[in-house]
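Asks: No letters, just coordinates:
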């Protein structure tokens, strides 16, 4: 490994202003198993730089002793174990978790990348043992010799979330228990045929312990239908209006051999509504008159939903009581919240809408719901859904409101994100259709010209040029899409070689100059060191710079100035494309590298394209181990895009593809060409025949395999996806032959 003479340069990968970056720079690594940072392998430097730059808690453990380095986020999770844990073996830092961590570490060191969700760990980080939960991913790290040299982990503590879920489950079980153990009878019916979804013990006793769940009222209790209860149920389901029965006589059959008995009941049929407010069922609650003192309305209110926050309010909206979840969330004491003090927790912008919904419901004594934001005790507002039902007396007078308030903030954001993604998809498909359709008109016209018998040679030549130019444009669009897909799927392979930056700059300036000259731009380059070398794929790096230069040309008014500057910075090479064009807003800078992102001012000046160029450029630069950033002082202030690449460290470049030959210089060959697209196969065959090759075609995999056995060709050109047999299967079949 080459030593870096300048100590500051050797610590560049520990750059940044974070506390852990400073701690690592100031640490005495000479006594550590890792040794001085300037001797650390490049793979370790890269991952440490990644860890320090991450906003998520991350750590890396390296070497036989798994010496551990971590960022600010992980330092917080360490509690009192930080800062002593920096540079210590991971199993010594978390000695109390050895039994839990050893199997995970072993999996990572065996080459496995994996994800674990909500793992319970009993750790000691604040001077006492505590149950914690974490979601994390482990990945192996490969050293310079190609062997696994360590691991890195990204983790998020989910303790609060898990405990909240446990509390919700406990509350759900509590509500179910209340329902089933309630002294009054209760049941839930679903659908227009009133099918029992649940019924409590008291209801079973009332009906003679007959089977109920899963059966309709007509099936389970035909005598109730005969006595008019079915008509009341139908009306409630159709109108959505609750029905209250007072002192209603009912005759209940007790089964064979038993005499029916008559009892007097009070009951309520309450419609159940879905999220859209449509009636989907009926809640039944009641009791025998002798047990009127039992407060079944409270049970009803809690059984209508599974609330995160439950409360009871007076007719005027004054809060009378609430459960512990309200105080846990808002931090409001009972003294502050009771009465109308709870209103102070509602976002001021949402209060008028919520009040209007309440006033409308109050006028008709109807159930209502509203969405509004509530302030958490730390000052953060989150969206909640309030669902409220009224309690009425015998005369229909409103007694009080029962409400549940449920946190829907995450669901709202997820819906908004999904809506934006769907809109972005639609915009992209429209743009793609437009960009692919535009070249078809001149291509179609050129094809008609070529088919005209009276077209002269000049016309035919011009038509062929049009077809070639437009097909080339379409191919570039599709190539960009394929490149983005390959980068996203990590399938794009770079053909790196040691290359002087000056040669790349010359090539991209030559490529960009015609477009710049057409708009009368001054295009220039400033090279600090034209012989500086980088280990890069020259074609891909040229692709990046041409994209940046072409963007600068397009989004700069005629007569503008565009410069490509190259300079060294520490152990990096910086290539900056600067212009004095339209510039970027702060919001645009945040999303400039997002897929399909185009600012409105840029769209107005757009000359075609899918909005993936900068995303593709950033992906290509990152594959080189570099970075791409955008800078602008604002609209009309120009822009600069900075590519940073690591300077060549003297490593041997990976093997590159062999050089091809001019088609005209290749001896005639026997060629078998297989493609289920007949036009593609026959046109390529005609082209190869024009160079003197003996070409045979097949249009499915089975025919290709058959012809291969007959012809024993010198060259096979196979489409991958074909009916019968794939190109891979045909190739394997040919390879298995003695001549293959």
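Replies: Yep, it's here. All figures in this text were calculated on a predicted structure; none of them were measured in a lab. Residues are numbered from 1 along each chain as shown.
Asks: Only C-alpha atoms from now on, for both contacts and neighbour counts.
Replies: OK.
Asks: Now residue 325: closest residue in space that isn't a chain neighbour?
Replies: Nearest residue to residue 325 in three dimensions, chain neighbours excluded: residue 309, at 5.3 Å (CA to CA, 6 or more residues apart in numbering).
Asks: Quick one: neighbours of residue 490, just the number.
Replies: Neighbour count for residue 490, taken as other CA atoms under 10 Å: 10.
Asks: Helix, strand, or coil at it?
Replies: Look at residue 490: counting by DSSP: H, G, I helix; E, B strand; the rest coil, its state is coil.
Asks: Next, it: phi, psi?
Replies: Backbone torsions of residue 490, given as degrees, to the nearest 10, read phi 60, psi 40.
Asks: Show the contacting residues for it.
Replies: By CA atoms under 8 Å, 6 or more residues apart in numbering, no residues touch residue 490.
Asks: Give me the distance between it and residue 336.
Replies: Between residue 490 and residue 336 the computed distance is 57 Å (CA to CA, to the nearest Å).
Asks: again with residue 498
Replies: 71 Å.
Asks: For these two, indicate the residue with more neighbours.
Replies: Between residue 498 and residue 336, residue 498 has the larger neighbour count (other CA under 10 Å), namely 17 against 12.
Asks: what about the helices in the stretch 501-650 of the chain?
Replies: In the stretch 501-650 of the chain, the helices defined using DSSP state H, counting those that start in this stretch lie at 501-518, 538-554, 586-591, 600-605, 613-623.
Asks: for stretch 27-38, what is the average pLDDT?
Replies: Averaged across stretch 27-38, pLDDT comes to 88.
Asks: Who does the residue nearest to residue 325 form a beta bridge with?
Replies: residue 405 (DSSP bridges).
Asks: now the helices of the stretch 501-650 of the chain in JSON lines, with distance to residue 738 and mean neighbour count?
Replies: What follows is those, written out as JSON lines (distance: least, CA to CA, whole Å; neighbours: other CA atoms under 10 Å):
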{"stretch": "helix 501-518", "distance to residue 738": "46", "mean neighbour count": "17"}
{"stretch": "helix 538-554", "distance to residue 738": "39", "mean neighbour count": "21"}
{"stretch": "helix 586-591", "distance to residue 738": "57", "mean neighbour count": "14"}
{"stretch": "helix 600-605", "distance to residue 738": "59", "mean neighbour count": "13"}
{"stretch": "helix 613-623", "distance to residue 738": "41", "mean neighbour count": "21"}
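Asks: Closest to the centroid, which residue in this protein?
Replies: residue 417 (9.2 Å; CA atoms, centre = their mean).
Asks: Tell me the secondary structure of that one, please.
Replies: helix.
Asks: Would you mind measuring from it to residue 370?
Replies: Remark: distance between residue 417 and residue 370 (CA to CA) = 22 Å.
Asks: list the contacts for residue 455?
Replies: When contacts are counted by CA under 8 Å, 6+ apart, residue 455 is found next to residue 449.
Asks: Helix, strand or coil: sort out it for me.
Replies: Under three-state DSSP, residue 455 falls in the coil class.
Asks: tell me the phi and psi of it?
Replies: phi -70, psi 130.
Asks: Quick one: find the helix or strand in the protein with the lowest mean pLDDT.
Replies: Lowest by mean pLDDT, DSSP states H and E among the helices and strands of the chain is helix 296-303, with a mean of 40.
Asks: so what are the domain limits for the chain?
Replies: Under automatic domain parsing, the residue ranges defining each domain of the chain are 7-157, 167-409, 413-488, 497-646, 666-735.
Asks: looking at these, which has the lowest confidence?
Replies: Among the domains of the chain, domain 413-488 scores lowest, at a mean of 74.
Asks: Give me the distance from stretch 544-558 to the chain's centre.
Replies: Mean-position distance between stretch 544-558 and its chain equals 31 Å (CA atoms, centre = their mean, to the nearest Å).
Asks: Contacts for that stretch, please.
Replies: Here stretch 544-558 makes contact (CA under 8 Å, 6+ apart) with 508-509, 511-512, 515-516, 519-521, 562, 577-582, 602, 605-607, 613-614, 617, 620-621, 638, 641.
Asks: Could you do stretch 224-238 as well?
Replies: 192, 194, 217-218, 241-243, 250-252, 269-271, 279-282.
Asks: Now residue 391: which helix or strand?
Replies: Per DSSP states H and E: residue 391 is located in strand 381-392.
Asks: whoops, I mixed them up, residue 122
Replies: According to DSSP H and E, residue 122 maps onto strand 114-124.
Asks: all strands of the stretch 51-200 of the chain, in order?
Replies: Ranges of strands in the stretch 51-200 of the chain, per DSSP state E, counting those that start in this stretch, are 58-62, 67-70, 114-124, 129-142, 148-157, 185-190, 195-199.
Asks: and what of the stretch 351-500 of the chain?
Replies: For the stretch 351-500 of the chain, the strands defined by DSSP E, counting those that start in this stretch cover 368-375, 381-392, 398-407, 497-500.
Asks: Quick one: closest of the ones you listed to residue 175.
Replies: Comparing the strands of the stretch 351-500 of the chain by their distance to residue 175 (CA to CA), the top pick is strand 398-407, with 13.1 Å.
Asks: buried ones in the closest one?
Replies: Buried residues in strand 398-407, defined by neighbour count with 16 or more other CA atoms under 10 Å: 398, 400-407.
Asks: Which one, of the strands of the stretch 51-200 of the chain, ends up nearest to residue 471?
Replies: Comparison of the strands of the stretch 51-200 of the chain against residue 471 by CA to CA identifies strand 129-142 as nearest, at 42.8 Å.
Asks: so how far does stretch 387-406 reach from one end to the other?
Replies: One end of stretch 387-406 to the other measures 8 Å (CA to CA).
Asks: how far is it from where the chain is centred?
Replies: Remark: stretch 387-406 is offset 41 Å from the chain centroid, using CA atoms, centre = their mean.
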